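Sharing a model prediction with you, sequence too.
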Amino acid sequence: MGGWPGARRLLRPAWLLSHLAVGALLVATINLGFWQLRRLDERRAYNAFVEERAGAQPASLGDLQVGADPGELAYRAVEVSGVFDAEREVFVVNRTQAGLPGVHVVTLLVGESGVVAVDRGFVPRPVYVAGDPSVWAPPDTEVVMVGRVRSAGTNRGGNGAEVERVDATDLSARWGVELPSVYVESGAGVGAGAIPFGIPAPPLDEGSHLGYAVQWFVFFVIGLIGYPLVLVRLAREDPEADGANG
């Protein structure tokens, strides 16, 4: 190995550990790249799901619930009617819209076909903190509205009328009614005045998954090509002649 005077040092324990560490990093980066591609596929499937549900003709909530999985109803256009009960209302905190912090106001809607929780829209935090309920009060007459079906989650905390998310079980106990496992989200805002603001449809972009995948693959290629080149350079150097460290 006259042409590779430094090759032996690359077999020393410290260098063997380095080889293993670089190999593990290469495996990690390639897997992270493919993981981001899987996330991209999931996002595309989600977008297609939302587009399909949103494009359907509005149906009555009662018709959608018959024998249906709540998860499969998410984002379906639905028409509901009834009268809002402003005494049975909660506020989903830590929401943002157009860069503004605020809350979503969720009110019980009582109709001939039953009851349902309706997210009437977004109230900016300064308005909410001012504490004048008349600003976001619901109409006191019967309403007919088209909204989006959303699956209820689990509320893990809160303070009084403030909750972390819409929880059908929690609201059923709180309001003394039997709510369906879904709620309705208004895209236009439902109030006696300009507030609350309607909630925009979820964005259907693909996010940054493709960009992240490309980055991880670039890191993999750099390591796959760059590390062996470094080893070749070190192997060709004479550690005794240039004082290289082992």
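Great, that's in hand. Numbers count the residues shown, from 1 in each chain.

Quick check: which ranges of the chain have low pLDDT?
Scanning the chain for pLDDT under 70 picks out the ranges 1-3, 64-71, 238-246.

how far away is Ala235 from Gly6?
Here the criterion is CB to CB, to the nearest Å. By it, Ala235 lies 5 Å from Gly6. C-beta coordinates here come from the backbone N, C-alpha and C atoms, glycine included.

more neighbours, these two?
Taking other CB atoms under 10 Å, Ala235 and Gly6 do not tie; Gly6 has more neighbours (21 against 16).

now the more buried one: how far from Arg12?
Using CB to CB, we find Gly6 at a distance of 11 Å from Arg12.

repeat for Glu142
Glu142 is 83 Å from Arg12, where distance means CB to CB.

Show me what secondary structure element comes after the helix ranked longest in the chain.
If you go by DSSP state H, the chain has its longest helix at helix 13-55. For helix 13-55, the following helix or strand on the C-terminal side (DSSP states H and E) is strand 59-60.

I'd like to know which elements that next one is packed against.
Under the contact criterion of 3 or more CB pairs under 8 Å, 6 or more residues apart in numbering; DSSP states H and E, strand 59-60 touches strand 77-97.

The strand it packs on: which residues count as buried?
77-78, 80, 82, 84, 86, 88-93, 95, 97 (16 or more other CB atoms under 10 Å).

Check stretch 20-35 too.
For stretch 20-35, a neighbour-count test (16+ other CB under 10 Å) marks Val22, Leu26, Thr29, Ile30, Leu32, Gly33 as buried.

and which of those residues is nearest to Phe197?
Leu32 (38.6 Å; CB to CB).

Nearest spatial neighbour of that closest one, chain-adjacent residues omitted?
Using CB to CB, 6 or more residues apart in numbering and skipping the chain neighbours, the partner closest in space to Leu32 is Trp216 (4.5 Å).

Can you give me the neighbour number for the one you found?
19.

Kindly report the same for Pro133.
Using other CB under 10 Å, Pro133 is surrounded by 11 other residues.

Contacts only, for it.
Counting by CB atoms under 8 Å, 6 or more residues apart in numbering, Pro133 touches Ala86.

The one 4 residues further on now?
Contacts here follow CB under 8 Å, 6+ apart; on that basis Ala137 touches Ala86, Gly191, Ala192, Gly193.

does Pro139 really touch Gly189, like I thought?
No - applying CB atoms under 8 Å as the test, Pro139 and Gly189 come out as separate, 11.4 Å apart.

the more surrounded of the two?
Gly189 (19 against 15).

Go ahead and confirm Tyr212 touches Gln36.
Yes - using CB under 8 Å as the test, Tyr212 is close enough to Gln36 to be in contact (4.6 Å).

what's the closest of the buried residues of strand 77-97 to Leu204?
Nearest to Leu204 among the buried residues of strand 77-97, with distances taken as CB to CB, is Ala77, at 15.3 Å.
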